[in-house]
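K.L.:
Structure, please.
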Amino acid sequence: MIVYHGSTVVVRQPDVLHSYRRLDFGKGFYTTTVREQAERWARRKADILNADHAIVNLYQMSDDTGNLIIKTFDDDLRNH
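P.N.:
Here you go, the predicted structure:
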């Protein structure tokens, strides 16, 4: 499955251990299957940080997620 992560930097190796703890669902590495959502977040984060670039990182996620805890949403978040 393809997942996206909006940021202001290229994240070559996602790392769940070094995230900001006060995120919506706690510590972790946040991705989405909706590219437009990642694009909006990247632009928002760039505005907040006054960064020059908004970047969407793309990853191929294995169906075998091992012991990762994954929060999924049934609703399509494209318009949120």
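K.L.:
Where does pLDDT dip in this protein?
P.N.:
The chain contains residues with pLDDT under 70 at 20-21, 23, 75-80.
K.L.:
which residue ranges form the strands in it?
P.N.:
Using DSSP state E, the strands assigned to the chain run over residues 2-7, 55-60.
K.L.:
Arrange these in a markdown table, one row each, with distance to Ile48 as further columns.
P.N.:
(Glycine included, C-beta is placed from N, CA and C.) Supplementary listing: the strands of the chain in a markdown table, determined by distance: least, CB to CB, whole Å:
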| stretch | distance to Ile48 |
| --- | --- |
| strand 2-7 | 12 |
| strand 55-60 | 14 |
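K.L.:
Give the buried residues for stretch 1-20.
P.N.:
Val3, Tyr4, His5, Gly6, Ser7, Thr8, Pro14 (16 or more other CB atoms under 10 Å).
K.L.:
Show me where this structure has its helices.
P.N.:
For the chain, the helices defined by DSSP state H cover 35-49.
K.L.:
Arg22 and Arg43, how far apart?
P.N.:
Using CB to CB, to the nearest Å, we find Arg22 at a distance of 21 Å from Arg43.
K.L.:
more neighbours, those two?
P.N.:
Taking neighbours as other CB atoms under 10 Å, Arg22 and Arg43 compare with Arg43 leading, 15 against 7.
K.L.:
which residues touch that one?
P.N.:
By CB atoms under 8 Å, 6 or more residues apart in numbering, the contact list for Arg43 reads Gly6, Ala54.
K.L.:
ok, now Arg35?
P.N.:
Contact criterion CB under 8 Å, 6+ apart gives Tyr4, Val56 as the residues in contact with Arg35.
K.L.:
any idea how far it lies from His18?
P.N.:
Relative to His18, Arg35 is positioned 24 Å away (criterion: CB to CB).
K.L.:
just to revisit the earlier point, which stretch among the strands of the chain approaches Lys71 most closely?
P.N.:
Using CB to CB as the criterion, the shortest distance between Lys71 and the strands of the chain is 12.6 Å, found for strand 2-7.
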